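In: coordinates only, sequence not included:
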């Protein structure tokens with residue numbers, strides 16, 4: 001009986017921890033949105049929202065970068081759409097994946113397609 005009470009009691013503490021984590025996430029998200037509203041003009045905000053629909057990880061990176069720059073005082077005023085585009089290009093260059101193509105020529109020599117005719 002005591003074990004059941006401990007399990008039930010333990011379950012509520014994890015629920016409380018989860019609620020606290022969710023509340024802290026919600027507060028952080030609200031704080032980030034308020035910073036972005038202050039930093040971005042309407043067109044830049046719309047562009048960032050449309051990017052978030054297509055590439056959410058890239059939008060999160062740009063949002064975090066903007067929040068960090070705003071808290072450090074690196075932004076002189078509101079960011080327009082053109083400045084946001086340049087930030088997006090910088091993020092794209094940092095996260096660009098380089099693709100390489102490798103031909104396996106030995107396999108080409110082993111395949112004798114001339115014998116089929």
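Out: Nice, I can see it. Just so it is clear, the structure is predicted and the values come from calculations on it, not from any experiment.
In: quick one: the helices in this protein?
Out: Assignment of helices within the chain using DSSP state H yields the ranges 2-39, 42-54, 56-71, 81-95, 105-110.
In: List the buried residues of the fourth one.
Out: This points to helix 81-95. By neighbour count on 16 or more other Cβ atoms under 10 Å, the buried set for helix 81-95 is 84, 87-88, 91. Yep, even glycine has a C-beta here, placed from its N, CA and C like the rest.
In: same deal with the third one?
Out: Across helix 56-71, burial judged by 16+ other Cβ under 10 Å covers 58-59, 61-63, 66-67, 70.
In: can you check the longest one too?
Out: For helix 2-39, burial by neighbour count (16+ other Cβ under 10 Å) applies to 32, 35-36, 39.
In: quick one on the thing from earlier: any idea which of the buried residues of helix 81-95 is closest to residue 18?
Out: Lowest distance from residue 18 to the buried residues of helix 81-95 (Cβ to Cβ) belongs to residue 91, with 32.1 Å.
In: correct me, but that closest one touches residue 57?
Out: No. If you go by Cβ atoms under 8 Å, residue 91 and residue 57 don't touch, sitting 10.1 Å apart.
In: Fine by me, we can end here.
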